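Chemist: Sequence and predicted structure below; questions after.
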Amino acid sequence: MTGKAECVFCGIAAGKIPCTRVYEDDRVLAFMDIGPISDGHTLVIPKAHYERLDQCPAEVLAETAAVIGRLAGPVAEAVGADGYNVLCNNGSAAGQVVEHVHFHIIPRKAGDGVFNRWPAFQYPQGKAEAIAEKIKEKLKS
Ligand code: AMP
Ligand code: ZN
């Protein structure tokens with residue numbers, strides 16, 4: 001898969017839409033998010049168009065992950081962050097707005113409150129195991 005005409009990130013990858021680049025190779029691009037949720041918020045994309053993570057071939061994911069790994073430290077250090085989150089939204093229910101797979105590197109500082117809500121709960125007896133069995137079944141197909 002290559003560029004999709006109406007896709008903003010394909011436009012950025014092709015150099016048709018401007019961005020503030022921080023890293024580029026033949027297949028992967030990283031640039032500053034125009035709507036950051038913390039200083040240094042950076043996006044990493046495969047240049048080829050895939051909508052979701054689960055649609056990306058393994059080698060594309062591997063190349064993209066390698067770039068995320070290289071960039072994460074420098075991104076955090078550039079803004080004096082204590083840590084960072086790596087986030088990939090898939091599907092509108094999960095907050096995906098741009099339908100070209102992308103990974104957010106979000107530098108974090110202690111007490112910044114960026115992800116204040118983390119709605120953890122406890123499964124009732126047996127539910128985690130039942131879901132795990134379903135996942136394993138789906139993996140086989
Ligand atoms: P998501 O909700 O995971 O789809 O996030 C899309 C991200 O892309 C948002 O954080 C936007 O601020 C960012 N974004 C959208 N258009 C551009 C653009 N032209 N250049 C840089 N970042 C962009
Ligand atoms: Zn695209």
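Modeler: Looks like it arrived, so ask away. Ligands and ions are numbered 1, 2, ... in the order given.
Chemist: how about the residue nearest in space to the middle of the chain, what does it touch?
Modeler: When CA atoms, centre = their mean is applied to the chain, the residue found nearest the centroid is residue 103 (1.6 Å). Contacts of residue 103 were listed using CB atoms under 8 Å, 6 or more residues apart in numbering, and they are 43, 44, 45, 64, 68, 86, 87, 88. (Each C-beta comes from the backbone N, C-alpha and C, glycine too.)
Chemist: From those residues, pick the one nearest ligand 1.
Modeler: Lowest distance from ligand 1 to these (CB to the nearest ligand atom) belongs to residue 43, with 5.9 Å.
Chemist: can you confirm that closest one is in a strand?
Modeler: Yes: residue state for residue 43 (DSSP: H, G, I helix; E, B strand; the rest coil) corresponds to a strand.
Chemist: Tally up the residues packed near it, please.
Modeler: Other residues near residue 43 come to 21 when the count uses other CB atoms under 10 Å.
Chemist: Hmm, residue 35 and it touching each other?
Modeler: No: judged on CB atoms under 8 Å, residue 43 makes no contact with residue 35 at a distance of 10.4 Å.
Chemist: Let me have the contacts of residue 103 in CSV, extended by distance to ligand 2.
Modeler: Output for the contacts of residue 103, formatted as CSV (distance: CB to the ion, whole Å):
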residue, distance to ligand 2
43, 12
44, 14
45, 8
64, 13
68, 18
86, 20
87, 18
88, 15
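Chemist: want to throw those residues into a markdown table with pLDDT?
Modeler: As requested, those are exported to a markdown table (pLDDT from 0 to 100):
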| residue | pLDDT |
| --- | --- |
| 43 | 98 |
| 44 | 98 |
| 45 | 98 |
| 64 | 98 |
| 68 | 98 |
| 86 | 98 |
| 87 | 98 |
| 88 | 98 |
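Chemist: what's the helix or strand for the nearest residue to residue 4 once chain neighbours are set aside?
Modeler: Closest residue to residue 4 apart from its sequence neighbours, by CB to CB, 6 or more residues apart in numbering: residue 49 at 4.5 Å. Counting by DSSP states H and E, there is no helix or strand that carries residue 49.
Chemist: same thing with residue 18?
Modeler: Counting by DSSP H and E, no helix or strand carries residue 18.
Chemist: From ligand 1, how far out is it?
Modeler: 8 Å (CB to the nearest ligand atom, to the nearest Å).
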